[in-house]
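In: Next one to model:
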Amino acid sequence: MATYVLVHGAWHSGEVWDRVTPLLTAAGHRVLAPTLTGHGETRHLLTPEIGLDTYIGDIVTLLRERDLGDVILVGHSYAGMIISGVVNAVPERVAHLVYLDAMVPVDGETAVDVMPEIAGMIESSVDGWRVPPFPVEFLGVTAPADVAWVSGMLSDEPVRCYRQPVRMDDPAGQAVPRTHIHCVGESPDVTRRPVDGEVWTLESGHDCMVTVPDALAELLLKLG
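Out: Below you'll find the predicted structure:
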């Protein structure tokens, strides 16, 4: 039995994994899909002080409190920043990293460094600190029922999370194997950073866990 920890990206909540989780558990694996502070049922806790370090702390605390080890840690989109920080903090608890159509930083980078166009989002933030979510269609979600479901779980993201740098200075964390899954259905010609580790592709838009959960679970099960 493997243990998967699925970390949602910006604006979403742990609910976004609801179609993938049962597919992994049906194969006999343990799955946790936490909601980050200030999202989903805790969106009322969102403040300007919440940032990348908050989210890293959310996952590190989960791993320690549940005494989880040999974890397959999956980060979607912005959560590439988060899982990079988590493995730096507790490399002994992580067996494999999966960057799911995710940001891939190097030590000391912010999300703005990885994706400079985020600077424009920050400029249009609400009240100087809240970044509203993209329309779900931009995320590759187009079926009306899916649009309604995903739209209902989205909430604002604090500017601070995009401006805090990630620490990746522990050699043990850098030694953890990693796999990258690129969603190529919507923008197959998108420019991506060169990455270390195996690269797989999915014919889907960005929110692949919503639109092609079976195909995504099939890939993740290869690591279990």
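In: all strands of the chain, in order?
Out: 3-7, 30-32, 71-76, 94-100, 130-131, 157-158, 178-183, 198-202 (DSSP state E).
In: Quick one: those as TSV, columns for distance to T61 and mean pLDDT too.
Out: All C-beta atoms are positioned from the backbone trio N, CA, C, and that covers glycine. What follows is those, written out as TSV (distance: least, CB to CB, whole Å; pLDDT from 0 to 100):
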stretch	distance to T61	mean pLDDT
strand 3-7	12	98
strand 30-32	12	98
strand 71-76	13	98
strand 94-100	14	98
strand 130-131	24	96
strand 157-158	19	97
strand 178-183	22	96
strand 198-202	29	95
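In: Check what pLDDT S125 gets.
Out: Here the pLDDT value assigned to S125 is 89.
In: Now do it: how many residues are near it, please.
Out: 16 (other CB atoms under 10 Å).
In: likewise D169?
Out: 10.
In: ok, it to D107 distance?
Out: Using CB to CB, to the nearest Å, D169 is found at 5 Å from D107.
In: measure P91 to G128 for me?
Out: 36 Å.
In: I59 too?
Out: Counting by CB to CB - I59 and G128 are separated by 27 Å.
In: more crowded one of the two?
Out: Between I59 and G128, counting by other CB under 10 Å, I59 is the more crowded of the two (27 against 8).
In: what's the closest non-adjacent residue to that one?
Out: Nearest residue to I59 in three dimensions, chain neighbours excluded: V86, at 4.8 Å (CB to CB, 6 or more residues apart in numbering).
In: And for G57, the neighbour number?
Out: For G57, using other CB under 10 Å, the count is 17.
In: any idea of the pLDDT on it?
Out: So, for G57, pLDDT stands at 98.
In: One more: P188?
Out: So P188 comes in at 51 (pLDDT).
In: Flag the shaky bits of this structure, pLDDT-wise.
Out: Residues of the chain meeting the criterion pLDDT under 70: 186-190.
In: Now with 90, please.
Out: By pLDDT under 90, the weakly predicted segments of the chain are 117, 124-126, 134-135, 185-194, 196-197, 224.
In: what about the residue located most distally from the centre of the chain, distance to T3?
Out: The C-alpha centroid of the chain is most remote from D127, which lies 25.3 Å away (CA atoms, centre = their mean). With distances taken as CB to CB, D127 is found 39 Å from T3.
In: related to what we said a few turns ago, tabulate the strands of the chain in TSV, adding columns for distance to D53 and mean neighbour count.
Out: Shown next, in TSV, are the strands of the chain (distance: least, CB to CB, whole Å; neighbours: other CB atoms under 10 Å):
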stretch	distance to D53	mean neighbour count
strand 3-7	15	25
strand 30-32	21	18
strand 71-76	15	27
strand 94-100	18	23
strand 130-131	17	18
strand 157-158	12	25
strand 178-183	21	21
strand 198-202	29	14
